[in-house]
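# test case, fold it:
(chains A, B, C and D)
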4 protein chains.
Amino acid sequence: MSFQNPVFIPGPTNMPEAVRQACYMPTIDHRSSLFGEILHPVLEGVQRVLKSDSAHIFIFPSTGTGGWETALSNCLSPGDKVLAARNGMFSHRWIDMCQRHKLDVTVVETPWGHGLPADRYEEILKADKDHEIKVVLATHNETATGVKSDIAAVRRALDAANHPAMLFVDGVSSIGSMDFRFDEWGVDVAVTGSQKGFMLPAGLAIVGFSDKAMKATETATLPRTFFDVADMQKGYDNNAFPYTPPVGLMNGLRLSLKLLEDEGLENVFARHTRIATGVRHAVKAWGLELCAASPEVYSDTVSAIKTPEGFNATDIVTRAADTYGMAFGVGLGEVAGKVFRIGHLGSLTDAMMLSGLGVAEMVMVDLGLDIKLGSGVAAAQEFYRRGV
Amino acid sequence: MSFQNPVFIPGPTNMPEAVRQACYMPTIDHRSSLFGEILHPVLEGVQRVLKSDSAHIFIFPSTGTGGWETALSNCLSPGDKVLAARNGMFSHRWIDMCQRHKLDVTVVETPWGHGLPADRYEEILKADKDHEIKVVLATHNETATGVKSDIAAVRRALDAANHPAMLFVDGVSSIGSMDFRFDEWGVDVAVTGSQKGFMLPAGLAIVGFSDKAMKATETATLPRTFFDVADMQKGYDNNAFPYTPPVGLMNGLRLSLKLLEDEGLENVFARHTRIATGVRHAVKAWGLELCAASPEVYSDTVSAIKTPEGFNATDIVTRAADTYGMAFGVGLGEVAGKVFRIGHLGSLTDAMMLSGLGVAEMVMVDLGLDIKLGSGVAAAQEFYRRGV
Amino acid sequence: MSFQNPVFIPGPTNMPEAVRQACYMPTIDHRSSLFGEILHPVLEGVQRVLKSDSAHIFIFPSTGTGGWETALSNCLSPGDKVLAARNGMFSHRWIDMCQRHKLDVTVVETPWGHGLPADRYEEILKADKDHEIKVVLATHNETATGVKSDIAAVRRALDAANHPAMLFVDGVSSIGSMDFRFDEWGVDVAVTGSQKGFMLPAGLAIVGFSDKAMKATETATLPRTFFDVADMQKGYDNNAFPYTPPVGLMNGLRLSLKLLEDEGLENVFARHTRIATGVRHAVKAWGLELCAASPEVYSDTVSAIKTPEGFNATDIVTRAADTYGMAFGVGLGEVAGKVFRIGHLGSLTDAMMLSGLGVAEMVMVDLGLDIKLGSGVAAAQEFYRRGV
Amino acid sequence: MSFQNPVFIPGPTNMPEAVRQACYMPTIDHRSSLFGEILHPVLEGVQRVLKSDSAHIFIFPSTGTGGWETALSNCLSPGDKVLAARNGMFSHRWIDMCQRHKLDVTVVETPWGHGLPADRYEEILKADKDHEIKVVLATHNETATGVKSDIAAVRRALDAANHPAMLFVDGVSSIGSMDFRFDEWGVDVAVTGSQKGFMLPAGLAIVGFSDKAMKATETATLPRTFFDVADMQKGYDNNAFPYTPPVGLMNGLRLSLKLLEDEGLENVFARHTRIATGVRHAVKAWGLELCAASPEVYSDTVSAIKTPEGFNATDIVTRAADTYGMAFGVGLGEVAGKVFRIGHLGSLTDAMMLSGLGVAEMVMVDLGLDIKLGSGVAAAQEFYRRGV
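Numbering: from 1, shown residues only, chains lettered A, B, ... in the order given. Have a look, this model is predicted:
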């Protein structure tokens, strides 16, 4: 483990060293006021990143998967109806979790590479006259396919159907890297983790609940203790957690929020768009295609790149790691072996991205793909370079 | 936050700097074989600390509370009967979790300061002719009262009743610091966290399941996804987690296991006993008493010290923090304001302990308690010092 | 190397972790403007610590010994006369360096444990009618004996003799921990290092030159290149060094200066006085005596403690290290085996000091000295504790 | 200071994080045996890197410049004759140091970009019938021009002249990265620093003395104290330094030596050759030329690249830093503004180098140079990539 090269997996991301150092602070008494000085700035900062004035922020020592479970178990009861689309591995897993928690999911099967079908949502919601659907699930950015969905469109579908269902959004690989508008989009629960846009190690589930979602917790009967938001809120009211808090990661989050806001959220998003666009130019120069079906769903945090028929895309990831010490992401589920993924989120510069593209090219040429060395790099450089 | 003085809270403990550095390693690809090089030594090392040849070890990005939930939700179904004793805040909370997960708990109320009543367990188990009790809960070390219970005695109670109930043990503040014998005691689920004997930040729930407990997961119907041990096992079989693993904390755990084994587990336990005994000599020299009712239940990881009637023990903790920059533990629940706690576990030396005792004395004298400065320190020194 | 206990050597001191982290920053281009952002705040901060408005500050990748050589080789020519007193190992070494650089030193032999004899200086200076003496050396704080000298008195001796000699002061173990007044005392060259009051690793020689000393460099003919202050000044004028600068240590110094000024220099000095006074109370309670002959020369950064006739004081240091993992200082030179030293400077709290005193007591009792355990700790506690 | 991108200055190099952490270890007692456990492995490891069985290794808290001064002041007396060639900024500075130390230097002016003229050395040495020349200086790798000289040829010149002069070699930017043969080449003093091949912060002068050089110290009369190797040797014999040692940097050096030897010295050299060759392919693809006049003098640690007439090469360095956050080296002295330098030594991978080449291309295109984006990267990739 030499740690010399940056990683290009779609999270956990490259982490600023200062953030890691903030994480590995020595022990403090988490029952003292010192912890409040970490907790409250973090809750407020996350709220700003969600672009919400009123979201109730909760942070658990867990991961995004725990965030999903927090959303479901606090707001729903066994048998409740849920509407969801499956267009990738992560939307699939959230649906699976619903089913294991005895929820009744209407699944809209959607081609991998496509965004969420807001129009189908609208039809189904309109057909649900009795408003039995309690929650609509939406994966903002499908990490498996590099597909960004239009959450505002999902909100419009709910509104068009005049349907009271709550909107739960998985923003694990978008929040902090791509624009997210909790209030404007009428999100009821947003879920993310520490290891993507926040540039931290995995270990935190970060969720925002609307007032409506909080209200729902009062009647929801799915069992919960570890992920109980009411217990957590009682803790926060006393500068505490209901159990031992992950103080170091929270301290790291305080710093990463400061870094994001010092750079400026809109600048952070623009940087992600710039770096991602360069990657897409490179893909085009290589003569390859994205898994994402059309430009409007191109993700700014991860690109899943299709390799030619008969070629095992996973070989690229293996060889990059073994021969050049560089990490890319493999294809998952339905697209395993068919795509490899370049993560381009978190703490990243144009220069770092060029090294990723350069290595990807060497690997592909090594493996016999018909790629011109330097071609993708040049396409990205042309986009990244700035006039004098 | 100056971090100059050691902390004396009963966890999170003082952490070796090398362990903290191991925790916040740069990002690696958690889907690569590199992660397996961290995962498997950790699972094997934890097994050795539990003194088990066969326990199935699972590690979740969570805390000890999540470990409790892992135990319950994987092995039990709503309505299942559980036997438990309440002798402190942490046994209380586990009972509360059972009830919130719709389990039917028989609670043996036990005076705080006393150990688990193995004899009462035996009576109840013998009376349970139909073997409706599925699980017996046992808190090995009550962190709130500084009370160690005799788990071997609980096992004998089960055996005397010839009762098939599983034995779930909370070893959060004992494992890694005090002797724990998973196999010998016939433990079915052992639960701990990263932030006590393992000298790490909070953030890991660490559990061991017996074959019998694994068998129980096949029929248990409490909903679970994040804490599902079968999913986790499937992950481990592929050097992976079912979601993003807490790589850094696992890497830190690998190092802390090495440190524990380099020192020698029995030496680690002896060191805890020595430091704790010195603290108890100091308490006696101060003319104070422990919350723990008798020597056989004295904990080697935390001492809860009773202050005189009419004195608010929490003032000691507050003044130590505000005036001398040192952290002790407050009393919790039933003994709030009546005791203060000195944690003496994890990465600790005799010299560090003397500074804790010295500050505690200054604080108590400042606050008007009739304590002789240096008296407790001298009593501990007499015990700690070694002949030439 | 467990690093759990604080060290009590008279430097290098305990270092704040944040300072160490600032030191181990990644590489920057030391020829870029980034380095100027470190360099200039450091030069200005050191000037403030010296209490000077006009001292020319130079920092070399070296140690205090290199600082001595900087002073001599930049301001003097072979054969120049120097006046110095020898009252400990460090004044001895500076005299030795003068002689090796072909300077003609008049040495006033002074009992170890006594301060500099300003009255003898005055006599000698008055007798030097031709002003052949070019420099008077003065060791502000003799680290070997724990003796602080009165530099203002040396200045008065020079003034009383109306003598133009320059005053060179070794402030290695005083500057940053004890009051130092470059301008008020008419110091011409002050010398210190990074590893004492500045709480950094060894590796920097830090010197201040008066205008008069700068003028002297123009005619001084001792050879010099590495330690040439004119080259260094030319470098600084371009945000650079004449060779590769120790960027990390400079960055650490920037932070340590900030920490000192955030605490307040006078508060830092008062803290050193308080901790040192507690140590002296402990020594008295042990029935031992300081090497320092009288209260007005007691050092606030290091105490050299005499042990009884026939006892080898070095055994204390050896046993403390081997048995209790704690570092004290041995006696040097003339007082080797006769004293052991407790360093109490740099990053230190009352609580840390208590652990040092507590271990010292255990060691002395182990070795058969007639010391009452807890006696010194109690005496220090009585002094350290604060009323409510 | 974001530290995201690698640096491409010709030292200090990129540093492995583990090495930095080893450098800033907490304080230990440098007079205890712990320090010996760092010191002796370091001295032995440096000897192996120099490929010497007998060199006396000395390490000073200083820089390479201090190493030059160590060589001169320990082995020579005022007026001694020295033979040297000036073919770049660093050979120039060593000559200048000789002159300031009153040595009588015969300077062979050599075009910048050329190697040392061993044939001219031979002529001069043969003409020196009385063997007045005491030392021949040789700069192994001129960091200013990217020129490697043939030290074996210099040795042959000495031998051909049957001349007893000592051979002093500046290996600052070669040792640890390029092959160096102290014994085989008959080197008498080798000089290097910590911040190049050893991948550490600046702060150590590292020198090796032959027995002959050690003998010369006995009669040499240049004044020295800080850099006195006899004092240093006496210190080492007691596991100590004559003053406070730079413990952390020595500890870092212990680790960097381990990393170099774990990789294998010959592998380290081969890696430097491979990366450097890729850079040279890129330079050719850009249509530019190296300052180094011919392939046999191409340096494997730094390339100085000439830019077209009328173009200010320094603009490349400025723009790379300001616009893309990447550090290259400026031209120095005679070639200031005419070349920019790419450092490719120390902790470096092919992938990192590609990012450096990629950014250099963007900058040159931005500034109007007629460079094809991706051309140099492609040339390097073609060389770096490996067949399957």
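# residue in the stretch 51-200 of chain A with the shortest distance to chain C?
Nearest to chain C in the stretch 51-200 of chain A, going by C-beta to the nearest C-beta, is A:Met199, at a distance of 16.4 Å. (Glycine included, C-beta is placed from N, CA and C.)
# tell me, how many residues neighbour that residue?
A:Met199 has 28 neighbouring residues, counting by other C-beta atoms under 10 Å in any protein chain shown.
# that one contacts A:Pro16, correct?
Yes: using C-beta atoms under 8 Å, A:Met199 makes contact with A:Pro16 at a distance of 6.2 Å.
# tell me, what's touching the two both at once?
Shared contacts of A:Met199 and A:Pro16, defined by C-beta atoms under 8 Å, 6 or more residues apart in numbering or on different chains, are found at A:Ser256, A:Leu259, A:Ser347.
# export those to a markdown table and append columns for neighbour count and distance to B:Lys212.
Output for the shared contacts of A:Met199 and A:Pro16, formatted as a markdown table (neighbours: other C-beta atoms under 10 Å in any protein chain shown; distance: C-beta to C-beta, whole Å):
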| residue | neighbour count | distance to B:Lys212 |
| --- | --- | --- |
| A:Ser256 | 28 | 44 |
| A:Leu259 | 16 | 49 |
| A:Ser347 | 19 | 46 |
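# just to revisit the earlier point, list the contacts for the residue of the stretch 51-200 of chain A closest to chain C?
Residues near A:Met199 by C-beta under 8 Å, 6+ apart: A:Thr13, A:Asn14, A:Met15, A:Pro16, A:Val19, A:Gly176, A:Ser256, A:Leu259, A:Gly346, A:Ser347.
# rerun at 10 Å
A:Met199 makes contact with A:11-16, A:19-20, A:176-177, A:252-253, A:255-256, A:259-260, A:345-348, B:27, according to C-beta atoms under 10 Å, 6 or more residues apart in numbering or on different chains.
# now swap in A:Ala161 and tell me
Counting by C-beta under 10 Å, 6+ apart, A:Ala161 makes contact with A:Tyr121, A:Glu122, A:Glu123, A:Ile124, A:Leu125, A:Lys126, A:Ala127, A:Asp128, A:Lys129, A:His131, A:Ile133, A:Val136.
# rerun that using 6 Å as the cut-off
A:Glu122, A:Leu125, A:Lys126 (C-beta atoms under 6 Å, 6 or more residues apart in numbering or on different chains).
# kindly reformat these as a markdown table containing secondary structure, neighbour count and pLDDT.
Output for those, formatted as a markdown table (DSSP: H, G, I helix; E, B strand; the rest coil; neighbours: other C-beta atoms under 10 Å in any protein chain shown; pLDDT from 0 to 100):
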| residue | secondary structure | neighbour count | pLDDT |
| --- | --- | --- | --- |
| A:Glu122 | helix | 19 | 98 |
| A:Leu125 | helix | 23 | 98 |
| A:Lys126 | helix | 13 | 98 |
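# about what we covered before: helix/strand/coil for the residue of the stretch 51-200 of chain A closest to chain C?
coil (DSSP: H, G, I helix; E, B strand; the rest coil).
# what strand or helix carries the residue of the stretch 1-150 of chain A found nearest chain C?
Here the stretch 1-150 of chain A gets closest to chain C at one residue, A:Gln21, 5.6 Å apart by C-beta to the nearest C-beta. Assigned by DSSP states H and E, A:Gln21 belongs to helix A:17-23.
# return the list of helices and strands in contact with that helix.
Judged by 3 or more C-beta pairs under 6 Å, 6 or more residues apart in numbering or on different chains; DSSP states H and E, the packing partners of helix A:17-23 are helix A:247-263.
# flag every residue of chain A that's near chain B.
A:1, A:3, A:7, A:9, A:12, A:14, A:20, A:23-24, A:26-27, A:29, A:32, A:34, A:61-63, A:65-66, A:69, A:97, A:100-101, A:195, A:201-203, A:223, A:225-226, A:243-244, A:246, A:248, A:321, A:327 (C-beta under 6 Å from any C-beta of the partner chain).
# just the buried ones from those, in ChimeraX syntax?
Per 16 or more other C-beta atoms under 10 Å in any protein chain shown, the buried members of those correspond to this ChimeraX selection:
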select /A:7,9,12,14,20,23,24,26,27,29,32,34,61,62,63,65,66,69,97,101,195,201,202,203,223,225,226,243,244,246,248,321,327
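# which ones among the residues of chain A next to chain B map onto helices?
A:Arg20, A:Cys23, A:Leu34, A:Thr65, A:Gly66, A:Glu69, A:Met97, A:Arg100, A:Gly248, A:Ala321 (DSSP state H).
# which one of these is nearest C:Thr217?
A:Arg20 (45.4 Å; C-beta to C-beta).
# quick one, what contacts the closest one?
Residues in contact with A:Arg20, defined by C-beta under 6 Å, 6+ apart, are B:Tyr24.
# follow-up on the earlier one: least confident pick among the ones in helices among the residues of chain A next to chain B?
Lowest pLDDT within those is found at A:Leu34 (93).
# assumed A:Ala205 was part of a helix.
No: using three-state DSSP, the assignment for A:Ala205 is strand, not a helix.
# so it is in contact with A:Gly67, correct?
Yes: using C-beta atoms under 6 Å, A:Ala205 is in contact with A:Gly67, at 3.7 Å.
# test my guess that A:Asp80 contacts A:Lys134.
Yes: A:Asp80 is in contact with A:Lys134 according to C-beta under 6 Å; the separation is 4.6 Å.
# SS state for the most centrally placed residue in chain A?
Central residue of chain A (C-alpha atoms, centre = their mean): A:Ser173, 1.6 Å from the mean position. Following three-state DSSP, A:Ser173 is assigned to coil.
# can you give me the distance of it to B:Asn238?
A:Ser173 sits 22 Å away from B:Asn238, going by C-beta to C-beta, to the nearest Å.
# again, but for A:Phe60
A:Phe60 sits 25 Å away from B:Asn238 when distances are taken as C-beta to C-beta.
# over to A:Thr65?
A:Thr65 sits 17 Å away from B:Asn238, going by C-beta to C-beta.
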